[in-house]
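Trainee: Got a predicted structure plus its sequence, pasted below:
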Amino acid sequence: LLRIRYGLIKIAQNPMQKNEDHFEVNSKYGHAFSEHLQVTGLLNFTTRMHDVYQLSKTGERGAMIGNFLAPAYLHLGSGIDYLTKDKTLSIFYTPLNSKVTIVADQALRAQYLGGDATHEARYELGSLLKFVLKKKIMENITIHSTGTFFTNHLDDFGSIDVNLENKLNFKVNKFFSVNLLTHIIYDEDILFELGEAGENATAPNGPRTQFREVLNIGLSHTF
């Protein structure tokens with residue numbers, strides 16, 4: 001399964017800016033041994049396609065915060081997958097999941113690799129819980145939610161990385177649709193400046209919750 005999202009935004013007199021950039025590859029293979037349970041192998045690769053910059057509330061471009069393979073995340077594991085009878089909900093759990101964080105751009109390694117800028121990648125081994133929900137909740141309204149929760153067994157066990165996406169699709173009529181996307185990320189190893197720097201000192205760094213909300217109104221047509 002390949003998922004690509006790309007979007008542009010223009011605010012007031014500022015030049016056109018990118019507000020959406022997502023490239024994801026999913027591969028899943030399972031062997032069912034009951035109506036609801038199967039043993040499944042899962043591979044997930046996620047990155048961006050090119051440069052991403054901070055945007056102020058007024059649309060002004062700030063520092064670069066990402067680009068292709070900076071960061072990129074690779075998950076590989078096998079475990080148990082639970083499927084509901086109508087196939088609208090999948091819950092996957094693996095007690096041994098490999099997570100590799102790749103940061104090819106040296107200038108961004110300190111932010112994404114927990115301050116270690118000497119290596120291009122960090123390897124983690126831990127537990128992963130992933131759910132996928134796709135369900136029609138009303139006439140012309142569907143919800144598609146994906147969530148992953150990962151904890152590292154090798155370092156700082158118990159700290160949970162969270163990646164949660166919710167997408168509401170509203171089919172207005174034959175041609176028009178509305179999408180509302182919310183995205184929450186929390187990762188102990190992604191560092192941000194948390195305050196002002198004092199005299200002869202740099203600003204303290206630490207993790208924080210990232211939240212994004214996008215409302216799209218567009219044309220759609222099925223062939």
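Mentor: That came in fine, so what should we check first? Residues are numbered from 1 along each chain as shown.
Trainee: before we move on, what SS does Ala110 have?
Mentor: helix (DSSP: H, G, I helix; E, B strand; the rest coil).
Trainee: which of the residues in stretch 87-98 are buried?
Mentor: Ser90, Ile91, Phe92, Tyr93, Thr94, Asn97 (16 or more other Cβ atoms under 10 Å). In this view, the C-beta of every residue, glycine as well, is placed from N, C-alpha and C.
Trainee: May I have the beta-bridge partners of the last one?
Mentor: Per DSSP bridges, residues listed as beta-bridge partners of Asn97: Gly77, Gly126.
Trainee: That one is in contact with Gly126, isn't it?
Mentor: Yes. Here Asn97 lies in contact with Gly126, judged by Cβ atoms under 8 Å, at a distance of 6.0 Å.
Trainee: what sits against Asp187?
Mentor: Asp161, Val162, Pro207 (Cβ atoms under 8 Å, 6 or more residues apart in numbering).
Trainee: picking up where we left off before, nearest to Asn173, out of the buried residues of stretch 87-98: which one, please.
Mentor: Ser90 (30.8 Å; Cβ to Cβ).
Trainee: Not including adjacent chain positions, what is the nearest residue to that closest one?
Mentor: Spatially, and ignoring its direct neighbours in sequence, Ser90 is nearest to Val132 (4.6 Å; Cβ to Cβ, 6 or more residues apart in numbering).
Trainee: Same check on Asn44?
Mentor: Nearest non-adjacent residue to Asn44 (Cβ to Cβ, 6+ apart): His75, at 4.3 Å.
Trainee: What's the local residue count around Pro15?
Mentor: 9 (other Cβ atoms under 10 Å).
Trainee: hang on, it is in a strand, isn't it?
Mentor: No. Looking at Pro15 with three-state DSSP, it is coil, so not inside a strand.
Trainee: Tell me which of the contacts of Asp187 fall in strands.
Mentor: Of the contacts of Asp187, the ones assigned to strands by DSSP state E are Asp161, Val162.
Trainee: Please tell me how far Ile65 sits from Val103.
Mentor: Ile65 is 12 Å from Val103, where distance means Cβ to Cβ, to the nearest Å.
Trainee: Between these two, point out the one with more neighbours.
Mentor: Val103 (24 against 18).
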